[in-house]
Every structure is written in C-alpha cells, then in structure tokens.
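**Student:** coords below, sequence missing:
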C-alpha cells in the first residue's frame with residue numbers, strides 16, 4: 001500500500017523528470033521548483049532544504065570543472081595532441097580514441113579525474129574537425145562509467161559492494177574480481193559508442209550564442225620568433241601545422257628591413273617578425289605552441305599596478321574615438337598608457353603591415369591587453385566600445401605543465417586513499433587559482449553555476465524516496481515479482497532495478513540500499529549472492545539515462561550544451577547493451593549455484 005508521503009514523492013519526481021525531458025524551462029529552474037514543491041508538501045523537511053549545497057557531489061563537480069578549465073587553459077593537452085596525433089582527423093577515430101583512453105584511465109583512477117583530464121583534448125579535436133564538443137563529451141562520460149567497472153578502485157559502487165560482500169559472506173571482492181565482466185562491458189560499450197556516437201544531436205553551450213555572433217575570423221597580429229622558439233631553424237610549414245589551416249602568415253620581416261615571402265619552405269630565424277591573420281584561438285595556439293613572443297614590452301610587469309591582473313579585451317573603434325587616424329606607434333600606446341595592441345581586425349580588408357603602424361579607422365576591432373585598473377579608463381578616454389567579455393588567451397602567460405601536475409597529484413592522493421575525492425579536487429581547484437593558472441576573474445565562470453544549483457536542489461528531492469520509505473516499497477515489490485523468475489531473469493531484474501534507482505540516489509547510496517535486498521533476494525531463491533552483488537555494482541555504476549545520477553554525466557552537461565533528453569537518446573541503447581552483456585557474463589564468471 002502506497003502511503004501519502006510516498007505518493008507525493010513519486011509524483012514530484014515524476015513531474016520533474018517530465019519537465020526535464022520537455023526542455024521548455026532551464027534545468028536549474030526546474031530543479032528549484034521541484035525542491036519548493038517537495039518542501040511545500042512536506043516530503044523534504046525544512047531543515048534539509050539546502051543540504052544539497054554542502055553535498056560532496058556539488059563540491060566534486062564544481063572543483064572538477066575549474067580544474068579541467070585550468071588544464072585546458074595551459075595548452076598542454078593541445079601540445080600533446082599536435083605532437084603525437086597530428087593526422088588523426090576522422091571524427092569516428094577521435095571518438096574511439098577518447099572513449100578508449102578515458103575508459104582505461106578510469107579503471108585505475110577515479111573516473112571523474114580521468115574525464116576531467118581528457119575534456120580539453122575533446123575541445124581540441126572538436127576545433128580540428130569543426131564539430132561541436134558535444135560529439136565527444138557524452139561518449140567520454142559514459143566511457144568513464146564503463147571503465148570504472150573494471151577494478152575495485154575504479155568507482156565507488158565497487159568499493160562499497162566489496163565491503164558489503166565481506167559483511168555478508170566474510171570474504172571481500174579483490175582488486176581484479178571485477179575485471180572479467182567489467183572488461184567485457186567496456187569493450188562492448190566502446191564499440192557501440194564508436195559506431196553510434198552520431199545518434200547525439202550537435203549541441204552548443206546555451207550561453208555561447210552572443211560569443212558566436214561576435215566570432216571574428218580575421219584578426220591581424222604580430223609575433224617574433226624568440227631564441228627558445230620551437231620553430232627556430234625550421235620551415236614555415238612546421239609552424240602552419242600548429243594553426244591547422246586557421247592561420248595565414250602574410251609576411252616575414254627580417255632584420256635590416258627585409259621582407260621575406262612566406263613560402264612554406266622558408267626557414268625561420270631568431271628575430272623574424274611574423275605578420276599573421278586568423279581567429280584569436282588559432283593565433284593563440286600558434287603563439288603558445290611555437291613559443292613566439294608578442295610585443296617586446298609585454299613582459300615589463302613593473303609598470304602594472306601592484307596586485308592588478310593583466311587581461312585582454314576586444315573593443316570597436318567608435319565614431320567619436322580619438323584613435324581614428326592614429327597608429328599605436330605614433331601614440332606610443334604602451335609607453336604612455338600601459339596598454340598593448342595585440343591584434344586588429346578590419347572588415348573586408350587584409351592588413352599586411354606591421355601592427356604598430358596600422359592607422360585606426362572607424363569600425364576597426366582591436367584586441368587590447370592591459371591591467372584591469374587601466375583598461376576601463378583607456379576605453380572611456382578614447383571612445384572605444386567594448387565587446388561582450390569572453391575568455392581571450394592571446395598574449396596570456398601560461399603555467400605549462402603545472403595544472404596537469406596539480407590534477408595528477410589530486411588523482412594520486414585519492415587513488416592511495418590519502419584524502420577523500422571532494423577534498424582532493426577542492427584542493428586542486430584552489431591550487432589552480434593560487435598558481436595563477438586560472439585568472440581570478442574567470443573562476444566563477446568556469447564552475448558553471450546552473451549545473452551546481454540543479455545538483456544542490458535535486459539532492460534533497462531525490463533523497464525523499466528514502467526518507468518516505470519509497471525505496472523499501474520498491475524492494476518488497478521486487479522480491480514478490482522476482483520469486484516467479486528463472487535465475488537469469490532474477491539477476492537481470494536486480495541489475496535493471498539498480499539502474500533505475502541510481503538517478504535518484506547517488507551511486508554509493510544505491511549500493512547501500514540495493515545490496516542487502518539483492519543478497520536477501522538471492523538467499524530466498526537458493527542462489528549464491530556474488531552475481532547479484534556484482535549486478536548491483538554494475539547497475540549503480542551505469543546511469544546513462546540522466547545527467548544527475550553520476551557526477552561524470554553532470555560534468556559534461558554544461559560544456560556540451562546537452563539537454564536532459566539527450567542522455568537517454570544515446571544512453572538507452574547503451575543500457576540495453578549493458579544488460580544483454582552483463583547477465584550472461586555474470587552467470588559465466590559467478591555461477592548462481
């Protein structure tokens with residue numbers, strides 16, 4: 001008999017899921033309304049209303065987003081891809097590579113760490129292949145869940161179910177007891193994701209439409225080949241490979257005023273000045289990986305006010321701007337105003353002269369660099385109209401391998417059990433800021449507030465199933481129905497039930513709720529408990545239907561621009577494959593009798 005609180009809990013969650021799938025309202029608003037409704041009818045106590053904001057999952061996801069942004073900003077992953085996989089241009093090949101790498105990493109480190117370290121690579125592949133990052137991110141998230149099934153330490157459900165087996169039978173699962181079935185599932189899942197990734201629609205972040213409208217492709221910039229540049233003594237073609245066709249070198253200026261025609265076989269020398277044209281991301285990639293120098297005055301940090309952060313901003317030369325008719329060289333832009341000109345864009349015209357000698361005209365778009373205390377006054381004084389703020393890395397200082405070392409240290413600390421995952425990732429996120437990998441102004445833009453609000457609001461709503469006894473009701477119904485099934489059917493029932501429950505509890509809580517049910521269920525039918533406990537761990541670790549059942553799914557929702565309904569589109573057939581592969585594999589490895 002369903003009690004009134006149980007009915008209300010089921011109803012609120014059902015309506016919330018329907019609203020998510022409908023997609024008419026943003027997911028954080030839907031979650032907030034669901035929380036208010038649960039509070040109004042009493043299934044969530046008032047003193048538990050905001051318990052989700054202190055939950056470990058919110059800390060893990062927010063910290064992982066910041067850490068991933070730091071790794072992406074460093075450019076280290078782009079460098080590795082260009083060096084070791086310069087010719088991998090097939091989208092299917094890129095998907096298979098990313099899925100396989102994430103799965104293997106997830107077997108030995110926490111899956112959210114493995115996913116975080118590979119997200120920048122996905123964005124690099126997306127730029128190279130001119131597709132949306134959404135093509136890669138969800139398959140990677142699903143691969144991280146599958147890979148975590150292969151070892152005891154790969155995911156929390158495996159650790160919890162191992163402890164539960166020790167309590168029930170006196171013997172815990174060992175490190176590689178999970179490998180035979182987990183490996184079979186990972187191989188099957190990788191094949192499916194590599195063949196059918198196209199089921200996903202191409203998505204873009206909901207907050208990028210304005211940035212895309214402002215996407216400027218023809219910035220003209222100037223860089224110098226420094227002594228430590230990676231392209232000294234090499235042909236220009238080697239440098240152009242880094243730009244992947246998105247940057248054109250319009251001229252090479254050599255000492256003595258000689259202008260060298262930029263043929264691909266032209267050998268670059270120290271001190272060569274390169275005039276370049278392309279979008280700001282491609283120019284940044286070229287400068288960072290080629291170790292070129294932008295502006296000889298840029299490093300004179302002594303002129304920047306103490307504690308002031310250097311930033312870059314795009315602005316338009318307006319009708320009343322006093323820059324019109326002047327060049328940066330004539331204005332002594334840096335010496336007088338402490339502002340660097342990094343690039344200029346002029347509609348319908350290719351600029352082939354030195355950056356400092358370009359005479360500004362009405363409508364020119366300029367990319368300026370300076371301290372945050374100086375730029376606003378400069379823009380007002382010279383009548384420049386700033387474009388919408390967006391992250392611009394051209395000319396920014398990089399911390400190279402530091403962010404990658406920070407992430408690896410956090411993953412190692414969790415792998416050996418030194419600190420819990422939330423503490424490790426929170427510390428890693430803090431280190432990213434302390435070491436200036438992420439500028440202070442970009443911190444809160446990197447952690448994706450709507451995702452965190454959605455998670456925090458949903459946690460107490462989902463927990464209402466347990467508080468009202470709805471999970472016990474589910475368990476008793478399973479026991480009654482399962483008694484009529486053959487062994488393989490009973491095992492499949494437990495697996496499907498764990499998959500169904502985990503979106504509304506976190507995966508470790510799903511094991512704690514379902515493992516005793518599964519063990520008792522097996523005992524009542526005269527079966528050994530191991531296969532049923534393994535089925536619970538697999539089901540709890542395989543939430544492919546929602547973005548809320550596992551933090552890896554949540555982590556990619558914002559960067560991929562996914563809708564709630566996108567998850568079952570790819571996840572439902574994958575879930576069916578997991579069931580079809582897992583049940584016979586479990587029966588073969590862990591016989592029921």
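**Tutor:** Received, thanks. Just so you know, these numbers come straight off a predicted model, no measurement behind them. Residues are numbered from 1 along each chain as shown.
**Student:** Can you give me every residue that contacts residue 503?
**Tutor:** 462, 543, 545-546, 548-549 (C-beta atoms under 8 Å, 6 or more residues apart in numbering). In this view, the C-beta of every residue, glycine as well, is placed from N, C-alpha and C.
**Student:** hmm, 6 Å instead?
**Tutor:** Contact criterion C-beta atoms under 6 Å, 6 or more residues apart in numbering gives 543, 546, 548-549 as the residues in contact with residue 503.
**Student:** quick one: contacts for the closest residue to it other than its chain neighbours?
**Tutor:** Of all residues beyond its chain neighbours, the one nearest residue 503 is residue 549 (3.8 Å), with distances taken as C-beta to C-beta, 6 or more residues apart in numbering. Contacts of residue 549 were listed using C-beta under 6 Å, 6+ apart, and they are 502-503, 543.
**Student:** Try it again at 7 Å.
**Tutor:** For residue 549, the contacting residues are 502-503, 507, 543, by C-beta atoms under 7 Å, 6 or more residues apart in numbering.
**Student:** circling back: closest one of the contacts of residue 503 to residue 368?
**Tutor:** Among the contacts of residue 503, residue 548 lies closest to residue 368 (C-beta to C-beta), at 42.0 Å.
**Student:** Where does that closest one fall, secondary structure wise?
**Tutor:** Element membership of residue 548, judged by DSSP states H and E, is empty: it is in no helix or strand.
**Student:** Look up phi and psi at it.
**Tutor:** Per-residue torsions, residue 548: phi -110, psi -10 (degrees, to the nearest 10).
**Student:** can you check residue 311 too?
**Tutor:** The phi/psi pair for residue 311 (degrees, to the nearest 10) is phi -140, psi 170.
**Student:** and it, what are its bridge partners?
**Tutor:** As for beta bridges, residue 311 partners with residue 370 under DSSP bridges.
**Student:** what pLDDT does it get?
**Tutor:** Residue 311 is assigned a predicted lDDT (pLDDT) of 74.
**Student:** Residue 374 is in contact with that one, correct?
**Tutor:** No - with the criterion set as C-beta atoms under 7 Å, residue 311 and residue 374 do not qualify as a contacting pair; they are 9.8 Å apart.
**Student:** re the thing from before, any idea which of the contacts of residue 503 is the one closest to residue 361?
**Tutor:** When the contacts of residue 503 are compared for distance to residue 361 (C-beta to C-beta), residue 548 comes out closest, at 51.6 Å.
**Student:** before we move on, the earlier item: farthest pair within the contacts of residue 503?
**Tutor:** Spatially, the most separated pair among the contacts of residue 503 is 543 and 548, at 8.2 Å (C-beta to C-beta).
**Student:** May I ask you to confirm that residue 242 belongs to a helix?
**Tutor:** Yes - when classified by DSSP: H, G, I helix; E, B strand; the rest coil, residue 242 is found to be part of a helix.
**Student:** which residues does it contact?
**Tutor:** Contacts were defined as C-beta under 7 Å, 6+ apart; by that measure residue 242 touches 82, 285-286, 289-290.
**Student:** Now for the protein, the helix or strand with the poorest mean pLDDT.
**Tutor:** Counting by mean pLDDT, DSSP states H and E, the weakest-scoring helix or strand in the chain turns out to be helix 209-213, with a mean of 45.
**Student:** downstream neighbour of it in the secondary structure list?
**Tutor:** Downstream of helix 209-213, the first helix or strand assigned by DSSP H and E is strand 219-225.
**Student:** What is that next one packed up against?
**Tutor:** When contacts are defined as 3 or more C-beta pairs under 7 Å, 6 or more residues apart in numbering; DSSP states H and E, strand 219-225 packs onto strand 273-278, helix 280-290, strand 292-293, strand 340-345.
**Student:** Quick one, which of these gets closest to residue 432.
**Tutor:** Judging these by C-beta to C-beta, what sits closest to residue 432 is helix 280-290, at 17.7 Å.
**Student:** quick one: average pLDDT of that closest one?
**Tutor:** Helix 280-290 shows a mean pLDDT of 78.
**Student:** How about stretch 467-478?
**Tutor:** The predicted confidence, averaged over stretch 467-478, sits at 76.
**Student:** Name the residues that touch that stretch?
**Tutor:** If you take C-beta under 7 Å, 6+ apart as the criterion, stretch 467-478 is touched by 2, 5-6, 9-10, 43, 465, 493, 497, 513, 517, 521.
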